[in-house]
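J.: coords please:
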Amino acid sequence: MFDVGSGYVPKYFIELDSSFHDDPQAQANDLLKDAIFRAANTKLIRIRPLDAKASSVEEFERLV
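T.: Numbers count the residues shown, from 1 in each chain. Here you go, the predicted structure:
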C-alpha cells in the first residue's frame, strides 16, 4: 500500500501466507523477510486466507 499524498511512498505491505509457510525452510525465509522489513521500518502484514477471521472485511481493516 502506498501513500499517494507522499509521492507514492510505500506505507506497508501485505503478504498472503498459505500452508506453504508451515514448512521449516519457508518459516526461516519468513523470519529473514520480517527482519528486512523491520530494518526498513516498514510494516508487513501477514494474512492466512484460509483463516475465516483473517479474510473478513472487518479483520482486514483492523490489520491495516
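
J.: check the closest residue to Val9 other than its chain neighbours and give its pLDDT.
T.: Leaving aside its sequence neighbours, Val9 sits nearest to Asp3 (C-beta to C-beta, 6 or more residues apart in numbering; 5.1 Å). Every residue, glycine included, has its C-beta placed from N, CA and C. Asp3 is assigned 83 on the pLDDT scale.

J.: ok, now how distant is Asp3 from Arg46?
T.: From Asp3 over to Arg46 the distance is 21 Å, taken as C-beta to C-beta, to the nearest Å.

J.: with neighbour numbers in mind, choose between these two.
T.: Arg46 (15 against 11; other C-beta atoms under 10 Å).

J.: roughly how far apart are the residue nearest to the spatial centre of the chain and Asp23?
T.: Most central in the chain under C-alpha atoms, centre = their mean is Ile45, positioned 2.5 Å from the mean C-alpha point. To Asp23, Ile45 is 21 Å away according to C-beta to C-beta.

J.: how far away from the center of its chain is the helix or strand of the chain with the lowest mean pLDDT?
T.: The weakest-scoring helix or strand in the chain, judged by mean pLDDT, DSSP states H and E, is helix 57-63 (a mean of 72). For helix 57-63, the distance from its own C-alpha centre to the chain's C-alpha centre is 13 Å (C-alpha atoms, centre = their mean, to the nearest Å).

J.: re earlier: show me what contacts the residue nearest to Val9?
T.: For Asp3, the contacting residues are Val9, Pro10, Lys11, by C-beta atoms under 8 Å, 6 or more residues apart in numbering.

J.: save these as TSV, and put in pLDDT and neighbour count too.
T.: Shown next, in TSV, are the contacts of Asp3 (pLDDT from 0 to 100; neighbours: other C-beta atoms under 10 Å):
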residue	pLDDT	neighbour count
Val9	85	10
Pro10	84	12
Lys11	84	13
